[in-house]
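Undergrad: With the sequence up front, the predicted model follows.
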Amino acid sequence: MRAVIQRVSQAAVAVEGREVARIGSGLLVLLAVGADDTEEDAAYVAEKTANLRIFPDEAGRLDRSLLDVGGEVLLVSQFTLYGDVRRGRRPSFSGAAPPGQAREAFERAAARFEAAGLTVRTGRFQEMMWVSLVNDGPVTIYLDSAERSRPRHA
């Protein structure tokens with residue numbers, strides 16, 4: 001799974017001109033499901049996101065997690081994070097899971113976020129969505145569950 005995680009003071013999703021989800025302070029998580037993703041990938045992304053220390057403490061250091069600050073999550077499906085642009089000008093999405101598999105994995109991921117103790121709102125799967133946000137910082141993190149076991153650079 002791939003996620004773009006943005007710290008926000010607020011975020012919302014609209015479908016066909018109607019707001020379907022809104023959060024206050026917390027994280028907007030754009031989430032893509034890969035063709036080879038498993039339940040372990042969903043667990044990893046949810047746990048890592050819930051515990052990322054990207055909120056400021058009293059001294060202004062990024063040392064508090066979403067759980068620490070009681071923030072919310074707006075989880076939005078975004079298969080385009082699997083867009084491969086290495087060849088040509090049109091992205092290839094062959095690494096993304098097909099819609100049925102992706103929907104199930106997205107729903108499992110949302111359940112994992114909730115199981116971590118987070119308030120979760122979601123966009124609408126496979127719909128054209130308008131996402132609005134007020135980025136706080138800005139703080140934006142890219143997370144790829146396939147890279148969790150890669151060795152760190154020296």
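TA: Cool, got the structure. Numbering: from 1, shown residues only.

Undergrad: Could you list which residues are in contact with Arg7?
TA: Taking CB atoms under 8 Å, 6 or more residues apart in numbering as the definition of contact, the neighbours of Arg7 are Gly26, Leu27, Ile54, Phe55, Asn135, Asp136, Gly137, Pro138, Val139, Thr140. The way it works is simple: take the backbone N, C-alpha and C, and place the C-beta from them, glycine included.

Undergrad: try it again with 6 Å
TA: By CB atoms under 6 Å, 6 or more residues apart in numbering, the contact set of Arg7 is Ile54, Asp136, Gly137, Val139.

Undergrad: which phi and psi does the spatially most central residue of the chain have?
TA: Nearest residue to the geometric centre of the chain (CA atoms, centre = their mean): Val29, 2.6 Å. Taking degrees, to the nearest 10, you get phi -120, psi 110 for the backbone angles of Val29.

Undergrad: How about the contacts made by it?
TA: Ala3, Ile5, Val73, Leu75.

Undergrad: one step back: counting neighbours, which of the contacts of Arg7 end up buried?
TA: With burial judged by 16 or more other CB atoms under 10 Å, the buried subset of those is Ile54, Asp136, Val139.

Undergrad: Tell me the secondary structure at the last one.
TA: On the three-state scheme (DSSP: H, G, I helix; E, B strand; the rest coil), Val139 is labelled strand.

Undergrad: What mean pLDDT does stretch 140-153 get?
TA: Across stretch 140-153, pLDDT averages out at 81.

Undergrad: so what does the longest helix along the chain touch, helix or strand wise?
TA: For the chain, the longest helix by residue count, based on DSSP state H, is helix 99-115. When contacts are defined as 3 or more CB pairs under 6 Å, 6 or more residues apart in numbering; DSSP states H and E, helix 99-115 packs onto helix 39-51, strand 72-77, strand 119-122.
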